[in-house]
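Enquirer: No letters, just coordinates:
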């Protein structure tokens, strides 16, 4: 049953004609908290979609997508680790969002994600923050 439900949610969220993303994302948060570890096999389906919603222009959808990732990180940490760099890269752009609730949710989520898994090395941190990588194998282009 959870397979069918999650598949339908993904299909609906990817439809261009669907406009109620924020309430559906709130349902995902509720589902994660309700089924907890049983949501583990579905995380890899939802994370790319959530990452995409973080980059959207609607601030409420963006905030709830960030909250959904925070919730998943709190409940099923191991499933977030493979997506950690992608999530942190997109969240880095939200740190200075003009909407305060988005900024606050972003900072909390970044902090939690950095705490899971192995520590990020300098190269990964530079990649997340769009900085030049020190000691990079590529020299300056001239």
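Expert: Cool, the structure landed. For clarity, every value in this text was computed on a predicted model and none was experimentally measured.

Enquirer: Show me the shaky parts of the chain.
Expert: Within the chain, the ranges that satisfy pLDDT under 70 run 130-142.

Enquirer: make it 50
Expert: 133, 135-142 (pLDDT under 50).

Enquirer: now the helices for it?
Expert: Taking DSSP state H to define them, one finds helices in the chain at 2-13, 21-35, 43-54, 59-75, 77-80, 84-92, 100-115, 122-128.

Enquirer: Arrange those helices in CSV, one row each, with mean neighbour count as further columns.
Expert: For the C-beta atoms, the positions are set from N, CA and C on the backbone; glycine is no exception. Listed next are the helices of the chain as CSV, based on neighbours: other C-beta atoms under 10 Å:
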stretch, mean neighbour count
helix 2-13, 13
helix 21-35, 16
helix 43-54, 18
helix 59-75, 22
helix 77-80, 16
helix 84-92, 18
helix 100-115, 16
helix 122-128, 15
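
Enquirer: Name the nearest residue to residue 74, ignoring sequence neighbours.
Expert: With C-beta to C-beta, 6 or more residues apart in numbering as the criterion, residue 74 has its nearest non-adjacent residue at 6.7 Å, and that residue is residue 112.

Enquirer: Which residues are in contact with the one you found?
Expert: 70, 73, 74 (C-beta atoms under 8 Å, 6 or more residues apart in numbering).

Enquirer: I'd like to know how far the residue nearest to the first one when sequence neighbours are not counted sits from residue 36.
Expert: This points to residue 70. Distances taken as C-beta to C-beta, 6+ apart place residue 109 nearest to residue 70, at 4.4 Å, with adjacent residues excluded. Distance of residue 109 to residue 36, given as C-beta to C-beta, to the nearest Å: 19 Å.

Enquirer: got it, and residue 85?
Expert: 25 Å.
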